[in-house]
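1. need a 3D model of the sequence below.
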Amino acid sequence: MKQLQVSTRYSARKRSFLTELARDLVSLGGRAKVQCHGRTIYFFAKIRHPAKQTAIAQLKAIRNRRLVSEAKFIYKMEKQGIGNLFANGRDVHIHQIKPAIRICRTRRENEIFHYCRLLQSFPTANLIGRQLRVLVFDEGQDRPLLMGAIGLSSSPYSLSCRDKFLHWDSKRKGQLLNKGLDALMQLAVCMSWPPYSYLLGGKLMAALALSKTVADEYELKYKRKLRRGTKLQGLTTICAGGTHCPIFHRIMLRPGGLYRRVGETSGYTTAYFSQETMNRARRLVESSRRHRDSAVFGKSMRIIKSALRICDLPYEQIVKNGLRKGVYLGFASSEAAGNLREGRTNRTVSVPAQRQIVEYWQNRLLPTRLCRRDIKKKIQQFKGQMLLLGLQVNQLRNENAQALR
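-> This next block holds a predicted model:
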């Protein structure tokens with residue numbers, strides 16, 4: 001464990017932020033406390049830097065806490081029948097599967113998307129900045145069934161392996177970076193669930209994220225906020241559970257595949273911080289003119305970094321968790337990377353249509369799964385009710401109640 005002992009000038013917002021931060025550190029197996037004497041705040045902490053497996057276990061524990069905190073929403077969605085959107089494997093006519101993109105526009109669609117995010121094995125930070133939320137339905141069955149979800153958000157401001165690959169670490173860094181971030185989104189949510197995940201539904205979601213339907217929606221939604229003529233050139237995505245993510249490998253809609261791994265993160269994350277901690281950090285930074293940066297203020301990592309510096313706390317010791325994550329870049333066209341390197345973000349690139357992607361999945365990927373007996377058995381045995389989160393929440397609540405006895 002690393003020990004911290006820091007003092008900082010008192011303010012109510014500092015104390016509020018540090019109190020929530022201490023709770024987060026304790027929940028991760030460390031020790032922390034906040035004390036006030038006169039006009040000074042004292043922050044004491046012993047921080048545990050976990051090994052990879054421990055870090056993964058902590059992320060799963062964080063997910064469990066989020067499920068409990070979202071219990072009211074989960075129960076409401078299940079009462080309203082969200083379970084009817086999940087498929088029983090034996091009821092799916094595989095050769096009639098017809099994937100279709102639906103952009104989330106209504107409150108109901110956004111609620112369904114949020115419920116889907118809670119199905120993720122590892123928690124992710126809230127989508128920030130520019131956002132697109134997409135649901136993918138199977139419209140070839142007796143009723144529309146959910147296949148997966150895609151979520152785009154603003155790309156991280158600083159990502160060293162991405163910047164190096166795109167030559168954004170050169171003398172023209174500022175100019176290229178600002179232009180490039182308008183044309184490069186982050187694929188923050190890319191998930192499919194059984195029975196469709198058994199049929200390489202994850203690769204289908206990854207490919208659809210680079211479809212013309214999504215690119216056109218991005219340009220339509222944000223054309224007034226982007227530099228004139230900016231086109232969506234590609235996507236950044238970060239593997240939640242480690243350095244490699246199979247769903248991005250060998251999607252051969254173009255030579256070389258749609259995605260390529262360009263490196264890994266340094267092990268920094270904001271996933272460990274509760275939403276209340278993030279809210280109080282944001283309010284603290286808003287109140288400090290010295291640390292406010294309107295260009296990147298929405299970025300969760302920048303917010304935490306600024307809040308810690310205001311409190312005279314070391315950024316790296318608190319935010320670094322030791323779990324490196326693989327970084328992938330996705331380009332629908334081989335020309336897109338060159339456009340980002342040269343700052344030519346207004347150039348139109350060739351983007352596959354939704355129909356083209358679905359046909360590739362049906363003709364090239366699906367047959368590789370249908371020839372396997374074990375996959376067919378898994379599909380037949382799967383029941384959609386297994387995806388509902390209410391039972392997990394009840395179990396977690398019971399475990400918490402027993403622990404307090």
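2. what helices and strands are in contact with the helix or strand containing residue 337?
-> Element membership of residue 337, judged by DSSP states H and E, is helix 336-342. Here helix 336-342 touches helix 173-183, strand 234-238, going by 3 or more Cβ pairs under 8 Å, 6 or more residues apart in numbering; DSSP states H and E. For the C-beta atoms, the positions are set from N, CA and C on the backbone; glycine is no exception.
3. quick one: the last one to chain centroid distance?
-> A distance of 10 Å separates the centroid of the chain from that of strand 234-238, by Cα atoms, centre = their mean, to the nearest Å.
4. residues contacting that strand, please?
-> The contact list for strand 234-238 (Cβ atoms under 8 Å, 6 or more residues apart in numbering) reads 152, 155-156, 159, 162, 183-188, 190, 209-210, 245, 248, 259, 265, 325-332, 336-337, 340.
5. tell me the contacts of residue 319?
-> 268, 269, 270, 301, 304, 305, 308.
6. likewise residue 112?
-> If you count contacts by Cβ under 8 Å, 6+ apart, then residue 112 has 77, 82, 85, 104, 135, 146 around it.
7. thought the third one was touching residue 145?
-> The reference is to residue 85. Yes: counting by Cβ atoms under 8 Å, residue 145 is a contact partner of residue 85 at 6.2 Å.
8. buried stuff in stretch 370-377?
-> For stretch 370-377, the neighbour count (16 or more other Cβ atoms under 10 Å) marks residue 375 as buried.
9. looking at that stretch now, give me its mean pLDDT.
-> The average pLDDT within stretch 370-377 is 95.
10. would you mind extracting the C-alpha trace of that stretch into CSV?
-> Output of stretch 370-377 as CSV, limited to C-alpha atoms (Å, rounded to 0.1, in the frame of the first residue of the first chain):
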residue,chain,number,x,y,z
LEU,A,370,-23.8,-22.8,-37.3
CYS,A,371,-21.5,-25.8,-38.2
ARG,A,372,-20.7,-26.2,-34.5
ARG,A,373,-22.9,-28.5,-32.4
ASP,A,374,-21.9,-26.9,-29.1
ILE,A,375,-23.1,-23.5,-30.3
LYS,A,376,-26.4,-24.9,-31.5
LYS,A,377,-26.9,-26.5,-28.1
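11. distance between it and the chain's centre?
-> 30 Å.
12. list the contacts of it.
-> Contact partners of stretch 370-377, identified using Cβ under 8 Å, 6+ apart, comprise 94, 198, 199, 369.
13. cutoff 6 Å now
-> Outside of stretch 370-377, the residues within contact range by Cβ atoms under 6 Å, 6 or more residues apart in numbering are 198, 369.
14. hmm, residue 257 is touching residue 249, no?
-> No: under the criterion of Cβ atoms under 6 Å, residue 257 makes no contact with residue 249, lying 7.2 Å away.
15. now do the strands in the stretch 51-200 of the chain.
-> 99-103, 131-138, 145-154, 184-192 (DSSP state E, counting those that start in this stretch).
16. for the stretch 101-250 of the chain, give me the ranges with low pLDDT.
-> 125-128, 171-172 (pLDDT under 70).
17. could I get the strands of the stretch 51-200 of the chain as a markdown table with distance to residue 312?
-> Formatted as a markdown table, the strands of the stretch 51-200 of the chain follow (distance: least, Cβ to Cβ, whole Å):
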| stretch | distance to residue 312 |
| --- | --- |
| strand 99-103 | 45 |
| strand 131-138 | 33 |
| strand 145-154 | 29 |
| strand 184-192 | 31 |
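18. ok, which of those strands comes nearest residue 121?
-> Among these, the nearest to residue 121 by Cβ to Cβ is strand 184-192 (9.0 Å).
19. report the angle between that closest one and strand 145-154.
-> Inter-element angle recorded for strand 184-192 and strand 145-154: 160 degrees (by axes from the mean of the first three to the mean of the last three Cα atoms, to 10 degrees).
20. packing partners for whichever helix or strand comes after strand 184-192?
-> Next in sequence after strand 184-192, counting helices and strands by DSSP H and E, comes helix 201-208. The contact analysis (3 or more Cβ pairs under 6 Å, 6 or more residues apart in numbering; DSSP states H and E) places helix 201-208 against strand 145-154, strand 184-192.
21. for the last one, which positions count as buried?
-> Think strand 184-192. Of all the residues in strand 184-192, those buried under the rule 16+ other Cβ under 10 Å are 184, 185, 186, 187, 188, 189, 190, 191, 192.
22. circling back to that earlier point, can I get the contacts of residue 319 in TSV including neighbour count?
-> Below are the contacts of residue 319 laid out as TSV (neighbours: other Cβ atoms under 10 Å):
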residue	neighbour count
268	19
269	24
270	20
301	18
304	25
305	22
308	22
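23. which among these gets closest to residue 282?
-> With Cβ to Cβ as the yardstick, the closest approach to residue 282 among the contacts of residue 319 comes from residue 304, at 9.4 Å.
24. state the helix or strand in which the closest one lies.
-> Applying DSSP H and E, one finds residue 304 within helix 300-310.
25. mind saving the C-alpha coords of that helix as CSV?
-> Extracted in CSV, the C-alpha atoms of helix 300-310 (Å, rounded to 0.1, in the frame of the first residue of the first chain):
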residue,chain,number,x,y,z
SER,A,300,-14.3,12.7,-16.8
MET,A,301,-10.5,12.0,-16.5
ARG,A,302,-9.7,15.7,-16.9
ILE,A,303,-12.3,16.6,-14.3
ILE,A,304,-10.8,14.2,-11.7
LYS,A,305,-7.3,15.3,-12.6
SER,A,306,-8.3,18.9,-12.0
ALA,A,307,-10.1,18.2,-8.8
LEU,A,308,-7.2,16.3,-7.3
ARG,A,309,-4.8,19.1,-8.2
ILE,A,310,-7.0,21.7,-6.6
